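Undergrad: With the input below, show me the fold.
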Amino acid sequence: MAVSGVPTCSVNLSGLYAVTVAPNDSKVVLTVLPANPYNYPVGVTSVANWTATVGSQTKECHQNVVVHSYNCVENHPSVNDIDGHSYPVVNLGNYCWTGRNMRTQHYADGTSVPNVMTFPASYAPEVDDIEETFGHLYTWDAATQYNVSGTQMQGVCPNGWHVPTDGETEYLLSMFGAAELMSNDDQIHWLPTDGTDGYGFSFLPVGCYNAVSGLFEGLYVGSFFWTSETEDSIISHACEFGDACGTFEDVTRT
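TA: As a prediction, this is how the structure comes out:
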């Protein structure tokens, strides 16, 4: 007996891709496997390329792929920085966020983060461990490791993670709203009223450091986190929670 055939573009990808395709449907559903889950933007459509071979015949195949949501909590419930601090992971829509502020003193390559500041214990005496609860304070330059080359800035984040972009932060606010992201904590309360913390993001009203006055301020009423994007060489973007309830502010980097 003998059998012959010609190559067809049936789905046959390996490595980081797990692919399914419906009959007579040109769209391939691509799911990123845990080996490198954070490097593929969810929801984007791109092209998967591979070669199908039967005997001596080959066929180049190209099909559209869509990256589906990755369940980060199920697969990676926590992540550690280089100093060994652990951060809970929160699944918010299409993105994975840490549910606690960063407090590393080293970048992932082992070099020291400059100008790290910690809230003094007297700032919030009701908090048992202010460093663990509030995290560290970083200038924009330190948080992004002086990277102005693009939006995927790892900075002080663990490997595979990055400082959020404006777009990622806007998505977060539009999908969930500031109140759902603000903490409802036993020790530290938002004024005039706590958030609902419906998704475990647990954003605390830790305030900030005012470089002009030299004072820590804003406890209970506000908090900021940097995004990776800038206005110019002096001003960068930050997301403010509090009375403004989830807005972008232009903040001096230092």
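Undergrad: rest of the way, CA atoms for contacts and neighbours
TA: OK.
Undergrad: Low-confidence ranges, the protein, go.
TA: For the chain, residues meeting the criterion pLDDT under 70 lie at 1-58, 61-71, 148-151, 232-234, 242-254.
Undergrad: which parts of the helix ranked longest in it are buried?
TA: Ranked by residue count, the top helix of the chain under DSSP state H comes out as helix 166-176. For helix 166-176, the neighbour count (16 or more other Cα atoms under 10 Å) marks 166, 169-173 as buried.
Undergrad: Using PDB, write out the CA atom coordinates for the following helix or strand past it.
TA: Once the chain leaves helix 166-176, the next helix or strand it forms, by DSSP states H and E, is helix 178-181. Extracted C-alpha coordinates of helix 178-181, given in PDB (Å, rounded to 0.1, in the frame of the first residue of the first chain):
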ATOM      1  CA  ALA A 178     -11.600  54.200  41.600                       C
ATOM      2  CA  ALA A 179     -13.900  53.200  44.500                       C
ATOM      3  CA  GLU A 180     -13.600  49.500  43.600                       C
ATOM      4  CA  LEU A 181      -9.800  49.700  43.600                       C
END
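Undergrad: List of residues touching helix 178-181?
TA: For helix 178-181, contacts defined as Cα atoms under 8 Å, 6 or more residues apart in numbering pick out 194-203, 241, 245-246.
Undergrad: where exactly do the helices run in the stretch 1-150 of the chain?
TA: 72-75, 130-134, 140-143 (DSSP state H, counting those that start in this stretch).
Undergrad: care to break this structure down by domain?
TA: By the assignment in automatic domain parsing, the chain contains the domains 17-67, 72-252.
Undergrad: Tell me which of these is the most buried.
TA: domain 72-252 (a mean of 17; mean count of other Cα atoms under 10 Å).
Undergrad: And the helices of the stretch 1-150 of the chain: which comes nearest residue 110?
TA: Distance to residue 110, taken as Cα to Cα, is lowest for helix 140-143 among those, at 13.9 Å.
Undergrad: which outside residues touch that closest one?
TA: With contact meaning Cα under 8 Å, 6+ apart, helix 140-143 is reached by 113-116, 146-147, 155-156, 163, 226, 236, 253-254.
Undergrad: switch the cut-off to 10 Å
TA: Under the criterion Cα atoms under 10 Å, 6 or more residues apart in numbering, residues 102, 107, 112-116, 137, 146-148, 153-157, 162-163, 225-230, 234-238, 251-254 lie in contact with helix 140-143.
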